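I would like the atomic coordinates for the input below:
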Amino acid sequence: MSFDFAVILAKGPEILMGLGVTILIWIVGTFFAVILGFVVATARRFGGRLVDTLLTLPIEVLRGTPFLVQIFLLYFGGPYIGLRLDPITAGLLGLSVYGAAYYAEIFRAGYQSVPIGHVEAATCVGFSRGQTILFVLLPEMALLVMPPSLNMAVILLKETALLSLITVPEMTMTVSAIGSQQYAFVESLVVLAVVYWALVELANFLGRMTERKLSKLGTT
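Next up is the predicted model:
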């Protein structure tokens with residue numbers, strides 16, 4: 001047996017299409033995960049004890065079960081309750097909800113890290129709750145939550161590989177199919193590892209740039 005990456009690289013256009021699907025699902029899924037996580041964290045912070053208690057259980061369930069199990073339940077179990085989703089929609093929804101549970105905890109920790117005296121000062125000068133969140137809490141916690149938020153985004157990027165198991169035509173499914181057709185199983189795995197590594201490094205680089213820019217803004 002000999003390695004022959006040419007049989008994989010010859011399918012470049014197909015691989016690029018799969019890569020595009022992976023990046024699209026990751027960006028869109030992460031965006032909605034951040035938005036939903038922020039809404040949930042804000043509701044827990046300002047919604048009172050009852051809201052906090054009601055939202056704690058689903059967050060703990062989502063964080064305490066594997067993502068693979070969640071997308072299987074969503075895609076294969078959804079029809080039992082009348083929820084029929086195509087693979088890409090199910091993948092996006094699953095990734096968004098899964099990520100939101102973690103981002104909710106990240107933002108909740110960020111809220112708690114802002115000194116209470118700053119919030120009380122904003123209240124004393126007449127800020128409404130919305131103004132307090134917008135002008136006091138958000139700017140102060142942005143830098144605090146940036147590192148764990150970037151780490152979570154990288155985790156979600158790698159989790160997109162599992163969506164191939166519900167037939168989402170992303171990079172893992174595309175390259176694995178090419179490897180099976182060409183009997184180049186090891187080559188396909190090496191290509192997948194290299195591409196995911198490159199994506200993670202790119203995401204880390206962009207994250208570090210964003211963090212440095214926010215740090216500069218915070219010191220001005």
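
residue boundaries of the strands in this protein?
Along the chain, no segments are classed as strands by DSSP state E.

Run through it and note the low-pLDDT ranges.
For the chain, the stretches with pLDDT under 70 are 1-3, 217-220.

rerun at 80
The model of the chain has pLDDT under 80 over residues 1-9, 118-120, 129-130, 133, 143, 211, 213-220.

just the helices in it please.
For the chain, the helices defined by DSSP state H cover 6-9, 12-46, 48-64, 67-77, 87-113, 116-124, 129-132, 138-159, 171-182, 185-219.

Please identify the most buried of these.
Stretch with highest mean neighbour count among those: helix 87-113 (a mean of 21; mean count of other C-beta atoms under 10 Å). The C-beta positions use only the backbone N, C-alpha and C, and glycine is treated the same way.

Show me what it is packed up against.
Counting contacts by 3 or more C-beta pairs under 8 Å, 6 or more residues apart in numbering; DSSP states H and E, helix 87-113 packs against helix 12-46, helix 48-64, helix 67-77, helix 138-159.

Other residues contacting the shortest one?
So the one you mean is helix 67-77. Applying C-beta atoms under 8 Å, 6 or more residues apart in numbering, the external contacts of helix 67-77 come out as 62, 83, 85, 87, 90-91, 93-95, 97-98, 159, 162-163, 165-166.

Let me see the contact set for residue 90.
71, 74, 75, 78, 166, 168.

what's the answer for residue 203, then?
Contacts of residue 203 by C-beta under 8 Å, 6+ apart are 150, 153, 154, 157.

how about a markdown table for the helices and strands packed on helix 87-113, with distance to residue 123 added?
Putting the helices and strands packed on helix 87-113 into a markdown table (distance: least, C-beta to C-beta, whole Å) gives the following:
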| stretch | distance to residue 123 |
| --- | --- |
| helix 12-46 | 12 |
| helix 48-64 | 17 |
| helix 67-77 | 40 |
| helix 138-159 | 15 |
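
which one of those lies closest to residue 193?
helix 138-159 (11.1 Å; C-beta to C-beta).

Specify the angle between the closest one and helix 67-77 in degrees.
Relative orientation of helix 138-159 and helix 67-77, computed by axes from the mean of the first three to the mean of the last three C-alpha atoms, to 10 degrees: 70 degrees.

Tell me how far helix 138-159 lies from the chain's centre.
How far helix 138-159 lies from its chain's middle: 9 Å, per C-alpha atoms, centre = their mean, to the nearest Å.

can you list contacts of that helix?
26, 29-30, 33-34, 67, 95, 98-99, 102-103, 106-107, 109-111, 113-114, 118, 196, 199-200, 203-204, 207, 210-211, 214-215, 218.

With distance to residue 176 added, can I get the contacts of residue 90 in TSV?
Output for the contacts of residue 90, formatted as TSV (distance: C-beta to C-beta, whole Å):
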residue	distance to residue 176
71	17
74	22
75	18
78	24
166	14
168	12
